[in-house]
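Engineer: I would like to see how this sequence folds:
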Amino acid sequence: MSELNLTFPDGAVKQFSEGTTPLAVAESISKSLAKKSVSAKLNGAYVGMHDVIPASGDFQLITTADDEALDLLRHSASHLLAQALKRLPKFANMHFGVGPFIDNGFYYDTDNGAGNQVTVEDFAEIEAMMHKIAKEDLPIVSREVSREEALTMFAADPYKVELISDLPEDATITIAVQGDHVELDKGGLVPSTGWLKHFKLTSVAGAYWRGKSSNPMMQRVYGVAEWKQADVEAELQRREEAKERDHRTIGRDMDLFFTSQEVGSGLPVWLPNGATIRRQVERYITDKELANGYQHVYTPVLSNLNLYKTSGHWDHYREDMFPPMDMGDGEFLELRPMNCPSHIMVFKHKPRSYRELPIRIAELGMMHRYEKSGALTGLSRVREMTLNDGHTFVEPEKLEEEFKSILTMMMEVYRDFNITDYRFRLSYRDPKNTEKYFDDDDMWEKSQAQLKRAMDDLELDYYEAEGEAAFYGPKLDVQTKTALGSEETMSTIQLDFLLPERFNLTYIGADGQDNHRPVMLHRGIVGTMERFTAYLIEMYKGAFPTWLSPLQVQIIPVNLGAHGAYAEQVKKQLQDAGLRANVETKDAKMGYLIREAQTNKVPYTLVLGDAEVAGQTVTVRQYGEEKTETMTFSAFQEAILADVANYSRETTTN
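Structural biologist: Predicted structure coming up:
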């Protein structure tokens, strides 16, 4: 019998008999290792614990201690869900789309045709069947099948037939078998259903098959799966917290914004309260940029299509752009998807000298993206957005200096907004992806090295990610943890040697020659106004710091007739000082009005009665506190102005 030569991660090479399984390999090392081994990899491809190892090569056992093991558990849980549905009579004719693991859980797309679709009311029955199958401890085994076999196996499921039919002719097709259930699957599963002990179905939602609105609507059943029940409970608690922080819910309750089909999907309408928050962010970032040497401009939201053909956006991002508008005279106009070509034209409209550089151009620039309806979400995924955008044109030898300057400003902004949970990612090209990335090895190697050197000089921690660069150059991405636990790119600094070349940008150097090529840096500090506001709503849970709060002071006269005039006087003085204040005029009990101000998360509530009128004082209650404090009006005004000036990092009233 021939032997297999397996090379382990530590470099050791061991021989095993042909027909050996990963389980047998693990047991040959130690029984304890076998008990915690979830799956294996051979040359990077998954091999199930009960599958035969097909050849010699690099071999790795994946144990419960490895991060990816939890992904395999969740992937397996989706299969368990599908098997349970098929065993229940009312779902016996269920058709299945795809069932992957996702962050913090899993889902399976289902379609019962003309029968019963899955609802939340079915969850208890489905979970009971899932637990029953788990106790059966059915081994999970994978094997290759021919295209003909696969089509025969799944002939009754049109979604699986479509997936099989779309595979390349030379594709290897594998199935995973667990008892009476068969899945079309590439591997990466736990050894048996007995490993699936701790899970919970959480929700169901509509989802277009393969994400296309022209395809059938399926029922996407979501769930969570963990190694321990305590982790399931913790995840469910986190999700409850997420519901309370959802910017769409808070936005509705606080009258910040709305979306409607009448206006158009993905086109949010900012209400006065939301517009106030946005205006404060816009004023802040504009003032910050002006103080750091940026020149603010306004450029058209429409541009000639040729501009985006020159930049490369038409080639690389055409699917994300709206169709061009034919003006009938040979000119085609395009709703801009990016602001950088507009700022390039600002630089190019007159000769530039090295003495002017770096030239920093910034704009709150409106852009449009052709997003599918199913992807639109509140303020965080929209079709029209306003980006806090900026571009610097700099001499090549001063590139790193400018990069450090931008990054320093970025971290100052994060401090003012009290954003602390973030990390830096250096995003490089994938050298094998010649279609996406500009083909210039020297440019990429040089620019990536410059980025890395600048980060090292600043002594900042970062991680590197191949394949995440823009098509024109590498970038630094700031990956921010949202209040709901996900990670998204909020800020970015991108190096660009390509677009100055494509647009033939030059400046007059110290030698008097007009043939020097600048380097371009693209940067966004707080991203789009829409997504950043959504982030702030969820981060603060609607309880905005005083400087951002739509209403900063709610004034409640004990008796409107007796104390209303003083209340109006206080309001006017606060407004004259640039603060946002309101006098409560509803005829209701004092306790109710105070609770309402707290419910609306107003930072300061002032109660004014006889004593306050007589002494020209105010009785102050801060949001979230039970105690009150009486002070002179001037003392209160001084304190709240200091609160605002310090971006509410330290809120005091004395």
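Engineer: Could you use CA atoms for every contact and neighbour count after this?
Structural biologist: Will do.
Engineer: all helices of the stretch 351-500 of the chain, in order?
Structural biologist: 399-416, 441-457, 498-502 (DSSP state H, counting those that start in this stretch).
Engineer: before we move on, what about the stretch 501-650 of the chain?
Structural biologist: 529-540, 560-576, 590-599, 610-615, 633-645.
Engineer: Minimum distance to P216: which of the helices of the stretch 351-500 of the chain has it?
Structural biologist: Closest to P216 of the helices of the stretch 351-500 of the chain is helix 498-502 (CA to CA; 41.7 Å).
Engineer: what comes up buried for that closest one?
Structural biologist: For helix 498-502, burial by neighbour count (16 or more other CA atoms under 10 Å) applies to L498, L499, P500.
Engineer: what does stretch 305-319 give?
Structural biologist: Within stretch 305-319, judged by 16+ other CA under 10 Å, the buried ones are L305, L307, Y308, S311, G312, H313, W314, H316, R318.
Engineer: May I ask which helix or strand encompasses the third one?
Structural biologist: Assigned by DSSP states H and E, Y308 falls within helix 305-311.
Engineer: counting contacts, what elements does that helix pack onto?
Structural biologist: In terms of contacts (3 or more CA pairs under 8 Å, 6 or more residues apart in numbering; DSSP states H and E), helix 305-311 is packed against strand 332-335, helix 340-348, helix 498-502.
Engineer: For S56, give me its contacts.
Structural biologist: The neighbours of S56, taking CA atoms under 8 Å, 6 or more residues apart in numbering as the test, are L4, N5, L6.
Engineer: before we move on, what about I126?
Structural biologist: Listed by CA under 8 Å, 6+ apart, the contact set of I126 reads L81, A84, L85, L88.
Engineer: Output these as a markdown table; include the columns pLDDT.
Structural biologist: A markdown table is the format used below for the contacts of I126 (pLDDT from 0 to 100):
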| residue | pLDDT |
| --- | --- |
| L81 | 97 |
| A84 | 96 |
| L85 | 95 |
| L88 | 93 |
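Engineer: picking up where we left off before, of the helices of the stretch 501-650 of the chain, flag the one that's most buried.
Structural biologist: Highest mean neighbour count of the helices of the stretch 501-650 of the chain: helix 529-540, a mean of 21 (counted as mean count of other CA atoms under 10 Å).
Engineer: now that helix: mean pLDDT?
Structural biologist: Mean pLDDT, helix 529-540: 93.
Engineer: Can you tell me what sits against it?
Structural biologist: 245-247, 250-251, 277-278, 281-282, 379-382, 385-388, 482-484, 490, 526, 543-544.
Engineer: Also stretch 134-142?
Structural biologist: The contact list for stretch 134-142 (CA under 8 Å, 6+ apart) reads 48-51, 80, 174-179, 187, 189-197.
Engineer: any idea how far that stretch is from the chain center?
Structural biologist: The chain centroid and the centroid of stretch 134-142 are separated by 36 Å under CA atoms, centre = their mean, to the nearest Å.
Engineer: CA atoms of it as CSV?
Structural biologist: Taking Å, rounded to 0.1, in the frame of the first residue of the first chain, the C-alpha atoms of stretch 134-142 are listed here in CSV:
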residue,chain,number,x,y,z
ALA,A,134,-27.7,16.9,16.9
LYS,A,135,-28.2,14.1,19.5
GLU,A,136,-28.2,11.5,16.7
ASP,A,137,-24.5,12.5,16.2
LEU,A,138,-24.6,11.8,12.5
PRO,A,139,-21.1,11.7,10.9
ILE,A,140,-20.6,14.4,8.2
VAL,A,141,-18.7,13.0,5.2
SER,A,142,-17.8,14.7,1.9
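Engineer: mind listing the strands for the stretch 151-300 of the chain?
Structural biologist: Residue ranges of the strands in the stretch 151-300 of the chain, as given by DSSP state E, counting those that start in this stretch, are 173-178, 181-184, 198-208, 217-226, 257-258, 269-270, 295-296.
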